[in-house]
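*Asks:* Provided below for reference: sequence and predicted model.
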Amino acid sequence: MVTIKLVIVICLAVVAGFIFNIGRSSAQTNQVETAGQKFKSIKVLNDMPADQMGKVMNMISASLGVNCSFCHASNDADYEKEGFEHKDTARKMIKMVFDLNKANFNGRPEINCNSCHNGKSHPQPSFPLAPMPQPEPRPAQPAVKPTADQIITKYLTALGGAEKLAKAKSRAITATRVEPDGKTTEAETIWLSDKAYRSDTMYGKSVVTEIFDGTDGKKFGDAAPIELKPDEAEQIKREGQLFFPANIKTIYPKLEFRALEKIDGREVYTVFATTANNLNERLSFDVATGLLVRRTVSSRTLFGNFVYQVDYADYKDFGGIKMPATTHYAMPHIRWTRKLGEVKMNVPVDASKFTSAK
């Protein structure tokens with residue numbers, strides 16, 4: 001049940017050397033419900049937009065390498081209880097971070113919990129004695145920069161070619177969601193048709209459904225709608241769209257090559273991609289194979305950017321087109337992996353699957 005709560009509250013997503021701007025003008029800020037207005041027992045995060053609470057709590061958890069129960073009541077979901085030493089200490093530390101950023105960085109979130117904690121519940125005051133590993137030098141940039149069109153053309157060719165991709169009208173996919181321990185798994189079923197997407201993930205007897213109907217991203221828990229933040233709905237939408245890569249230039253009308261970089265020792269072309277509704281993402285294509293290996297997006301919070309990263313690996317041929325058989329998802333304090341099983345191409349898929357979670 002803990003996993004279900006995390007999926008429902010945080011949800012996909014989400015999320016870095018660029019910003020997926022959910023920008024706020026001063027006028028908009030006045031209209032946004034604050035954490036102090038929505039939640040009880042708020043002492044230092046009063047002015048933070050309430051919809052950032054889940055992300056910020058996950059960023060703090062990841063920074064300290066702890067779970068919610070480290071500061072809150074043991075897993076009874078009553079996060080408003082008082083009288084916990086760690087919660088009181090966290091408030092002091094949050095205030096310290098705010099003061100440091102205000103005094104030294106004009107209020108920009110340059111310092112956060114991870115600046116000192118680095119994944120440990122208590123900062124380490126000692127200095128490392130072992131030599132620090134040297135960062136890998138940035139690859140030399142190509143004398144002749146590739147264009148985004150060239151990179152995308154190679155990508156589509158690597159997947160099987162535009163003609164074959166266009167013929168993949170529908171798919172029924174069985175998959176497995178693998179949790180970080182490598183042992184806990186959940187069964188997934190995915191349907192694709194007419195550029196629409198649906199996934200059902202089974203958690204015991206409960207099911208979490210994500211739908212992209214061709215226009216909007218939606219989420220349900222046992223067929224009951226789950227309220228999504230704009231960036232969460234956007235990422236469900238993107239998950240569905242990228243199952244139809246032949247439309248990538250429609251998904252991202254603006255594509256711009258930025259740099260040659262490395263991921264896991266392999267050279268990649270980094271492309272900045274802008275959606276039709278002016279949201280920015282970062283796409284990384286393997287130089288040798290042409291395949292998309294990473295997509296990154298981030299949403300702005302009071303503590304800095306909440307990063308959501310998708311890594312595509314183990315491409316295999318399914319009915320004449322290549323798809324990543326393994327996809328890794330990561331955001332602060334949440335990780336999981338999707339592994340594809342059977343893929344049935346061009347099978348009948350009832351259109352009602354994309355209009356209702358029932």
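*Replies:* Here it is on my side, so go on. Residues are numbered from 1 along each chain as shown.

*Asks:* mind checking how far P49 is from R91?
*Replies:* Remark: distance between P49 and R91 (Cβ to Cβ, to the nearest Å) = 19 Å. C-beta: built from backbone N, CA, C; applies to glycine.

*Asks:* for the stretch 201-350 of the chain, which segments count as strands?
*Replies:* 206-212, 217-221, 224-225, 254-263, 266-274, 280-286, 292-301, 304-318, 321-331, 334-345 (DSSP state E, counting those that start in this stretch).

*Asks:* and of those strands, who's closest to P180?
*Replies:* Across the strands of the stretch 201-350 of the chain, P180 has its closest neighbour in strand 334-345 (4.9 Å, Cβ to Cβ).

*Asks:* list the buried residues for that closest one?
*Replies:* 334, 336-338, 340, 343, 345 (16 or more other Cβ atoms under 10 Å).

*Asks:* quick check: mean pLDDT of that strand?
*Replies:* Strand 334-345 carries an average pLDDT of 96.

*Asks:* check the offset of it from the chain's centre.
*Replies:* Centroid separation between strand 334-345 and its chain, computed with Cα atoms, centre = their mean, to the nearest Å, is 16 Å.

*Asks:* now it - C-alpha only, CSV.
*Replies:* In CSV, the C-alpha atoms belonging to strand 334-345 read as follows (Å, rounded to 0.1, in the frame of the first residue of the first chain):
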residue,chain,number,x,y,z
ILE,A,334,11.4,7.2,-6.3
ARG,A,335,12.8,4.8,-8.9
TRP,A,336,11.3,1.9,-10.8
THR,A,337,11.9,-0.1,-14.0
ARG,A,338,9.5,-1.2,-16.7
LYS,A,339,10.4,-4.4,-18.6
LEU,A,340,8.4,-5.3,-21.7
GLY,A,341,7.2,-8.9,-22.2
GLU,A,342,5.0,-9.8,-25.1
VAL,A,343,4.2,-7.2,-27.7
LYS,A,344,1.3,-7.8,-30.1
MET,A,345,1.3,-5.5,-33.1
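
*Asks:* tell me the helices and strands packed up against it.
*Replies:* strand 170-178, strand 304-318, strand 321-331 (3 or more Cβ pairs under 8 Å, 6 or more residues apart in numbering; DSSP states H and E).

*Asks:* parallel or antiparallel, list what pairs with it.
*Replies:* In the sheet, strand 334-345 lines up against strand 170-178 (antiparallel), strand 321-331 (antiparallel) (DSSP bridges).

*Asks:* show residues contacting the next helix-or-strand element following the first one.
*Replies:* Per DSSP states H and E, the first helix or strand lying C-terminal to strand 170-178 is strand 185-193. The set of residues external to strand 185-193 that reach it, using Cβ atoms under 8 Å, 6 or more residues apart in numbering, is 3, 169-179, 197-203, 240, 243-244, 338, 349, 351, 353-354.

*Asks:* distance of R295 from T275?
*Replies:* 12 Å.

*Asks:* quick one, phi psi at the closest residue to S61 other than its chain neighbours?
*Replies:* With sequence-adjacent residues excluded and distances taken as Cβ to Cβ, 6 or more residues apart in numbering, S61 is closest to H333, at 4.3 Å. Torsion angles at H333 (phi, psi; degrees, to the nearest 10) stand at phi 70, psi 0.

*Asks:* do T215 as well
*Replies:* Per degrees, to the nearest 10, the backbone of T215 is at phi -130, psi -50.

*Asks:* tell me how many other residues crowd it.
*Replies:* 9 (other Cβ atoms under 10 Å).

*Asks:* report the separation between it and E234.
*Replies:* From T215 to E234 the distance is 12 Å (Cβ to Cβ).

*Asks:* circling back to that earlier point, and the strands of the stretch 201-350 of the chain as CSV, adding distance to V66?
*Replies:* Compiled in CSV, those are given as follows (distance: least, Cβ to Cβ, whole Å):
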stretch, distance to V66
strand 206-212, 25
strand 217-221, 26
strand 224-225, 30
strand 254-263, 29
strand 266-274, 33
strand 280-286, 29
strand 292-301, 19
strand 304-318, 18
strand 321-331, 16
strand 334-345, 14
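
*Asks:* go through the protein and flag its longest helix.
*Replies:* helix 85-104 (DSSP state H).

*Asks:* report the backbone C-alpha coordinates of that helix in PDB.
*Replies:* This file holds the C-alpha atoms of helix 85-104, laid out as PDB (Å, rounded to 0.1, in the frame of the first residue of the first chain):
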ATOM      1  CA  GLU A  85      12.500  15.800  17.400                       C
ATOM      2  CA  HIS A  86      13.500  15.200  13.800                       C
ATOM      3  CA  LYS A  87      10.600  17.200  12.500                       C
ATOM      4  CA  ASP A  88      11.500  20.200  14.700                       C
ATOM      5  CA  THR A  89      15.200  19.900  13.600                       C
ATOM      6  CA  ALA A  90      14.100  19.700   9.900                       C
ATOM      7  CA  ARG A  91      12.200  23.000  10.400                       C
ATOM      8  CA  LYS A  92      15.400  24.700  11.800                       C
ATOM      9  CA  MET A  93      17.400  23.300   8.900                       C
ATOM     10  CA  ILE A  94      14.900  24.500   6.300                       C
ATOM     11  CA  LYS A  95      14.900  28.000   7.800                       C
ATOM     12  CA  MET A  96      18.700  27.900   7.700                       C
ATOM     13  CA  VAL A  97      18.700  27.000   4.000                       C
ATOM     14  CA  PHE A  98      16.300  29.800   3.300                       C
ATOM     15  CA  ASP A  99      18.400  32.300   5.200                       C
ATOM     16  CA  LEU A 100      21.600  31.200   3.400                       C
ATOM     17  CA  ASN A 101      20.000  31.600   0.000                       C
ATOM     18  CA  LYS A 102      18.500  34.900   0.800                       C
ATOM     19  CA  ALA A 103      21.700  36.400   2.200                       C
ATOM     20  CA  ASN A 104      24.100  35.000  -0.400                       C
END
